[in-house]
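*Asks:* Here is the input, now give the coordinates:
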Amino acid sequence: MSKEAKPPCPPFTYDDAVKKVRMAEDAWNSRDPDKVKMAYTKDTVWRNRSQFLNGRDEIAAFLAEKWQKEDGYRLIKEIWAHSDDRIAVRFCYEYHDEKGEWFRAHGNENWEFDVNGLMKFRHASINDVPIAESERKFHWDRSGPRPEDHPDLTALGLL
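*Replies:* Numbers count the residues shown, from 1 in each chain. The predicted structure is shown next:
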């Protein structure tokens with residue numbers, strides 16, 4: 001295993017894949033682009049909505065800009081399926097824009113990993129749905145990850 005590894009590493013069991021999804025959720029909820037980018041290979045390839053990104057530096061710049069615009073960002077990821085070196089995820093995140101208008105983004109991701117557990121491909125399709133502030137479901141303290149006892153997407157009834 002390389003010194004640059006992010007266990008668990010392929011081949012993934014179901015429990016490994018669930019752990020990998022939660023690790024990604026926790027990292028993204030930190031809103032720290034330099035921390036998040038280290039889960040990816042140096043030459044990672046992303047499609048995020050209609051944007052194509054290559055490598056950690058582009059990923060970090062993209063995330064820094066994203067989190068500047070998406071205030072109040074809170075994310076929940078949930079495993080959909082997995083194989084030896086791939087994981088499919090569904091997710092939702094809530095945020096508001098500079099006008100104070102709230103949104104819930106619904107998305108799906110397909111991930112492929114190298115032997116060291118670093119993600120080499122990420123394909124994300126995401127749709128933003130306007131919501132009233134009263135419709136928000138994600139209220140935990142943003143200074144840390146989603147609490148273990150906070151409901152997941154299925155328990156919240158989110159499709």
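*Asks:* Please count neighbours and contacts with C-alpha atoms only from this point.
*Replies:* Noted.
*Asks:* Trp67 is in contact with Glu98, correct?
*Replies:* No. Between Glu98 and Trp67 there is no contact under CA atoms under 8 Å: 11.6 Å.
*Asks:* More neighbours: those two, which one.
*Replies:* Each of Glu98 and Trp67 has its neighbours counted (other CA atoms under 10 Å); Trp67 has more, 16 against 10.
*Asks:* Remind me which helix or strand that one belongs to.
*Replies:* According to DSSP states H and E, Trp67 maps onto helix 55-69.
*Asks:* Which strands or helices does the helix or strand just after that helix pack on?
*Replies:* As assigned by DSSP H and E, the chain's next helix or strand after helix 55-69 is strand 71-82. Helices and strands touching strand 71-82, by 3 or more CA pairs under 8 Å, 6 or more residues apart in numbering; DSSP states H and E, are helix 14-30, strand 86-96, helix 153-156.
*Asks:* by contact count, what packs against the second one?
*Replies:* Packed against strand 86-96, as judged by 3+ CA pairs under 8 Å, 6+ apart, are the following elements: strand 71-82, strand 102-113.
*Asks:* tell me the mean pLDDT over that strand?
*Replies:* Mean pLDDT, computed over strand 86-96, is 98.
*Asks:* Which residues does that strand contact?
*Replies:* Residues outside strand 86-96 that contact it (CA atoms under 8 Å, 6 or more residues apart in numbering): 17, 21, 70-82, 102-113, 136, 138, 153.
*Asks:* related to what we said a few turns ago, give me whichever of the helices and strands packed on strand 71-82 is most buried.
*Replies:* Counting by mean count of other CA atoms under 10 Å, strand 86-96 has the highest mean neighbour count of the helices and strands packed on strand 71-82, with a mean of 21.
*Asks:* what's the angle from that one to helix 55-69?
*Replies:* Angle, strand 86-96 to helix 55-69, by axes from the mean of the first three to the mean of the last three CA atoms, to 10 degrees: 30 degrees.
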